[in-house]
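Q: sharing a model that was predicted from the sequence below.
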Amino acid sequence: MRSLVNISAVVCLVLSMTTLVSCKKTNEDLIVGTWKCTSVSLNPQNFIESQRYIEELSTAKFLFTDEKYVAIAIGNERSYGNYSIDGDKLVIIIMGKEDPVVAKVNLLDSKRFSFTYSQKAYDEDDEGHSRYITVAVTLNLDKIEDAH
């Protein structure tokens with residue numbers, strides 16, 4: 001009888017642990033909602049268009065839905081598309097754009113979201129010659145609303 005009680009206790013313990021573990025939200029759950037940019041960082045930090053990038057991206061808002069739809073507002077521009085998130089990889093396919101935005105998720109919880117992606121930016125070398133450089137853009141966002 002005592003072993004039956006012990007087995008029952010172990011089964012109850014395992015079931016309760018499984019329930020607690022399954023309640024943990026995944027990145028697919030956490031990303032859903034409306035996010036507002038709180039800060040932008042660039043690497044390299046100084047290039048011809050860096051200040052414009054920071055000013056524009058600082059206004060960014062993102063709406064991610066359960067249906068994998070994304071709406072992006074940056075300044076007066078609006079973009080729409082689809083997204084996928086798998087672990088720390090976020091892919092955004094914007095309608096009308098040929099290449100997807102592939103980003104690394106640095107942080108994602110119920111209140112904060114940070115991701116980094118690469119983008120080509122116009123610059124000039126030391127001699128004033130035009131060139132394009134690759135810039136790592138990191139956006140830090142706060143959740144302002146859960147999607148309903």
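A: Perfect, thanks for sending it. Numbering: from 1, shown residues only.
Q: what's across from the closest residue to Asp125 other than its chain neighbours in the sheet?
A: Distances taken as CB to CB, 6 or more residues apart in numbering place Arg131 nearest to Asp125, at 5.7 Å, with adjacent residues excluded. In short, each C-beta sits where N, CA and C put it, glycine included. Beta bridges link Arg131 to Asp123 when assigned by DSSP bridges.
Q: check Arg131 and give its pLDDT.
A: With respect to pLDDT, Arg131 scores 93.
Q: tell me the contacts of it?
A: Residues counted as contacts of Arg131 (CB atoms under 8 Å, 6 or more residues apart in numbering) are 122-125.
Q: likewise Glu49?
A: 121-123.
Q: what does Ser118 give?
A: With CB under 8 Å, 6+ apart, Ser118 has these contacts: 134-137.
Q: for Tyr83, see how far away it is.
A: Relative to Tyr83, Ser118 is positioned 17 Å away (CB to CB, to the nearest Å).
Q: mind pulling the model confidence for the spatially most central residue of the chain?
A: Centroid-nearest residue in the chain: Phe115, 4.8 Å away (criterion: CA atoms, centre = their mean). As predicted, Phe115 sits at a pLDDT of 98.
Q: who's in contact with it?
A: 90, 103-106, 138-139.
Q: do that again at 10 Å, thanks
A: 31, 62, 85, 88-90, 92, 101, 103-108, 137-141 (CB atoms under 10 Å, 6 or more residues apart in numbering).
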